[in-house]
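*Asks:* I'll drop the sequence and a predicted model, then ask my questions.
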Amino acid sequence: MKRFSLALMLLGFTFFAVAQEKPRGDFQIGLQGGITQPLSTYKKIGDTKLGFHGGIFLDKYFKGNKFGLGVDARFIRNGINVADSVLFSNGYIVTDYKNSKRFQDYLFTFGPSYKFTKNNFQAELYLRGGVMMQNFPEYTTTLTFTNAFGTTNYDTQYTVNDASNKANSWAGVGGLRLNYKIAPKIAVFAHVDYVQTFGTKFGSKPSRFTIEKSVQHTPIDPAVGIKSGILDHYNEVRVRENTLHKSLNAGAGVKFIFGENKKPVPPQETVTKYDDVVKPLIATKDLQIVVKDKQTGLALSGVTVSVTSDKVNEKSITDANGQAQKITKVSPGSYQVIGEKNGIKTPLLTLNDEDFKGTSATIFKEIYHDDPRFTLVGETFDCVKGINLAGISTVLTNTSTKSNISQVSDAQGKFIYQLDAQSDFTVVANHQARYSQTELVTTKGLDRSKTLYVTLKLGVCELATGSQWVLKNILYDFDKSNIRTDAAIILDNVVAIMKQNPSLKIELSSHTDSRGNDAYNRKLSQQRAEAAVNYLVTNGISRDRLIAKGYGETKLLNGCGNGVNCSEEQHQANRRTEIKVLNY
């Protein structure tokens, strides 16, 4: 496989070299990405769901610019549908996922291309063959039940692959790419293609994803469960099923074209004569300013750029590409350029007559903004509908200094804060008739020279009688019920919600996992719920609006009851603090 990858690299360098030496046809490099839809047995047996892909391709067209050869390297990822646990009267069915819950593939192919061109439009057909490096998920579905004969554990389905869950296989891809040139050497495109692997083995190793399962012939009645044994519901003989990779890929991208172009003839300068001396007339030029973040080199939006002189006084705000508004027909002279964002200015840039020399019609200049803070870009969205919400008040709090600032999300539901390095923060919605979780954000461990933006999606929900939610990030010390400092931050959000909505009455409940004595768990959870309620009362909330309830282990969210072997993550899901709206 290393030799194959090296061959692709050498082929790419060869294409590039040929493209630079008297090219007869286009040489192009493209970046692509999009969605990947699993098909047929790959979707059924692999239980695969919609995924994504991305990659790079190179094409070299020959004389006539219609036929060529190309290479394609891409990454394909499809998650799998995660099975829910199933409970019945005397047992349960649970799936143990032993590695990543996805198929992750690397595809390297080589083959012919055909191109049809009309004006700025191009249609390309391509067919490639090569190798796919596959990474398979591994899981086991286990049926556990207890009857008169004792407790039985039976694996109803499991994967049967190499211990590494990796395999190689022959593969092919064929498809169509529709292009539109937006510049002489740049085109955007949309593509659709079909990818499939072939064969049962690659070398001496199996190359297909394989499962083994027992076929269910009679469903299990949840109220009755399993009375006699496995054979009452499953066939005795297991069946083995396998599948190749089969997917339909659709996406878009951009490609860069290198080909034979005639050099444009520069326009002749207009001249005039004074006393038989020929002098060129002064020509105007356009001015384009681009602002970048100094520490990462990324284009920076939202910077106010000022360009001033005795002839010009222009202000504009940079777009997503860091570009200020282009100023046209600027005559030679002295100009001062400066940018400002978040109260921090860029160094002053001065232009003079030297910058106006040369044949280029546009003067491009970059200036750099140096703000040591990180930028949090957040979005407020409806937690039920999933659409962004505008006009939501948000609050950012530094957990160390307790200082906070607020901001209202804009028409697109976006809000932006500046974050100090090596600090922890909380972000929460503070809006009447709505609530959100208290989300934790940290810049600890982040390198400002590599990272500029931190992103957050803040779910905002409507308050309604009967609604309930789990308070995220509220923790207690082991075997203790006192309110920790980090838990107090979460409860402060509840205080704010109660004060904004004076008619709101809630039940604040605490839950434990199944480990430990049942009576002790109920007592501990009641103490924790009362401690939380007391905290709210201390901070100005009337006690008659609050009910503390400790449920112990009586309301588990999964099948991890007494005696059931569960992971720490499964137990953690049951250790929670909930709020239920009693009246609003």
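*Replies:* Right, received. Where do you want to start?

*Asks:* Just give the number of residues close to Leu536.
*Replies:* Applying other CB atoms under 10 Å, we find 21 other residues in the vicinity of Leu536. Where you see a C-beta, it was placed from the backbone N, CA and C, and this is true even at glycine.

*Asks:* cool, the one 3 residues further on as well?
*Replies:* Asn539 is flanked by 15 other residues according to other CB under 10 Å.

*Asks:* Next: His217.
*Replies:* 10.

*Asks:* got any ranges where the protein has weak pLDDT?
*Replies:* 1-24, 259-282 (pLDDT under 70).

*Asks:* residue ranges for the helices of it, please.
*Replies:* In the chain, helices defined by DSSP state H lie at 2-20, 40-44, 485-500, 518-538, 568-574, listed in chain order.

*Asks:* Save these as a markdown table, and put in distance to Ile416 too.
*Replies:* Formatted as a markdown table, those follow (distance: least, CB to CB, whole Å):
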| stretch | distance to Ile416 |
| --- | --- |
| helix 2-20 | 40 |
| helix 40-44 | 40 |
| helix 485-500 | 21 |
| helix 518-538 | 31 |
| helix 568-574 | 33 |
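
*Asks:* Can you tell me which of these is nearest to Gln336?
*Replies:* Among the helices of the chain, the nearest to Gln336 by CB to CB is helix 2-20 (41.3 Å).

*Asks:* Quick test: name the residue nearest the centre of the protein.
*Replies:* Centroid-nearest residue in the chain: Thr455, 9.8 Å away (criterion: CA atoms, centre = their mean).

*Asks:* Distance check, that residue against Glu379.
*Replies:* For Thr455, the distance to Glu379 (CB to CB, to the nearest Å) stands at 8 Å.

*Asks:* Next, count neighbours for Thr243.
*Replies:* Applying other CB under 10 Å, we find 19 residues neighbouring Thr243.

*Asks:* which ones are touching it?
*Replies:* Remark: with contacts taken as CB atoms under 8 Å, 6 or more residues apart in numbering, Thr243 is in contact with Ser40, Thr41, Tyr42, Lys44, Ile45, Gly46, Arg208, Phe209.

*Asks:* Can you name the residues that contact the fourth one?
*Replies:* The reference is to Lys44. Lys44 sits in contact with Thr243, where contact means CB under 8 Å, 6+ apart.

*Asks:* 10 Å instead, please
*Replies:* Pro38, Glu241, Thr243 (CB atoms under 10 Å, 6 or more residues apart in numbering).

*Asks:* so where do the strands sit in the stretch 401-550 of the chain?
*Replies:* Here the stretch 401-550 of the chain has its strands, by DSSP state E, counting those that start in this stretch, at 404-408, 414-419, 424-429, 434-436, 439-442, 453-462, 468-470, 505-511, 546-552.

*Asks:* Pull the number of nearby residues for Gly229.
*Replies:* Based on other CB under 10 Å, the number of other residues close to Gly229 is 13.

*Asks:* right, and it touches Thr152 too?
*Replies:* Yes: in this structure, Gly229 is within contact of Thr152 by CB atoms under 10 Å, at 7.5 Å.

*Asks:* Show me the common contact partners of the two, please.
*Replies:* Shared contacts of Gly229 and Thr152, counting by CB under 10 Å, 6+ apart, come down to Phe145.

*Asks:* Do I have it right that Ala531 meets Ile474?
*Replies:* No: Ala531 is beyond contact range of Ile474, at 11.2 Å (criterion: CB under 10 Å).

*Asks:* any idea how far Gln500 is from Lys402?
*Replies:* Lys402 is 20 Å from Gln500, by CB to CB.

*Asks:* okay, the two: which has more neighbours?
*Replies:* Gln500 (16 against 9).

*Asks:* Could you name every residue contacting both of Ala531 and Ile474?
*Replies:* Common neighbours of Ala531 and Ile474 (criterion: CB under 10 Å, 6+ apart): Ile483, Ala487, Leu491, Ser510.

*Asks:* residues contacting the last one?
*Replies:* When contacts are counted by CB under 10 Å, 6+ apart, Ser510 is found next to 471, 474, 476, 481, 521-522, 524-532, 548-552, 575-578.

*Asks:* Buried ones from those residues, can you make that a PyMOL selection?
*Replies:* Applying 16 or more other CB atoms under 10 Å to the contacts of Ser510, the buried members can be selected in PyMOL as follows:
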select buried, resi 471+474+476+481+521+522+524+525+526+527+528+529+530+531+532+548+549+550+551+552+576+577+578
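
*Asks:* coming back round to it: name the member of the shared contacts of Ala531 and Ile474 with the most neighbours.
*Replies:* Each of the shared contacts of Ala531 and Ile474 was scored for neighbours by other CB under 10 Å, and Ser510 scores highest at 28 neighbours.

*Asks:* Look up how far Asp492 lies from that residue.
*Replies:* Counting by CB to CB - Ser510 and Asp492 are separated by 18 Å.

*Asks:* try Leu248
*Replies:* Counting by CB to CB - Leu248 and Asp492 are separated by 50 Å.

*Asks:* Comparing the two, which shows the higher neighbour count?
*Replies:* A direct count of neighbours by other CB under 10 Å for Leu248 and Asp492 places Asp492 higher, at 19 against 14.

*Asks:* what would the shared contacts of Ala531 and Ile474 look like in CSV with distance to Arg177?
*Replies:* Output for those, formatted as CSV (distance: CB to CB, whole Å):
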residue, distance to Arg177
Ile483, 60
Ala487, 55
Leu491, 56
Ser510, 58
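
*Asks:* picking that back up, go through the contacts of Thr243 and give me the one with the most neighbours.
*Replies:* Of the contacts of Thr243, with other CB under 10 Å as the count, Phe209 tops at 26 neighbours.

*Asks:* Surely it and Met132 touch.
*Replies:* No: assessed by CB under 10 Å, Phe209 is found out of contact with Met132, at 11.7 Å.

*Asks:* Report the set of residues contacting both of the two.
*Replies:* Here Phe209 and Met132 have Ala167, Ser169, Thr197, Leu244, His245 as joint contacts, going by CB under 10 Å, 6+ apart.

*Asks:* Just the closest of those residues to Ala429, please.
*Replies:* Checking the shared contacts of Phe209 and Met132 one by one against Ala429 (CB to CB), the nearest turns out to be His245, at 43.0 Å.

*Asks:* Nothing else from me, thank you.
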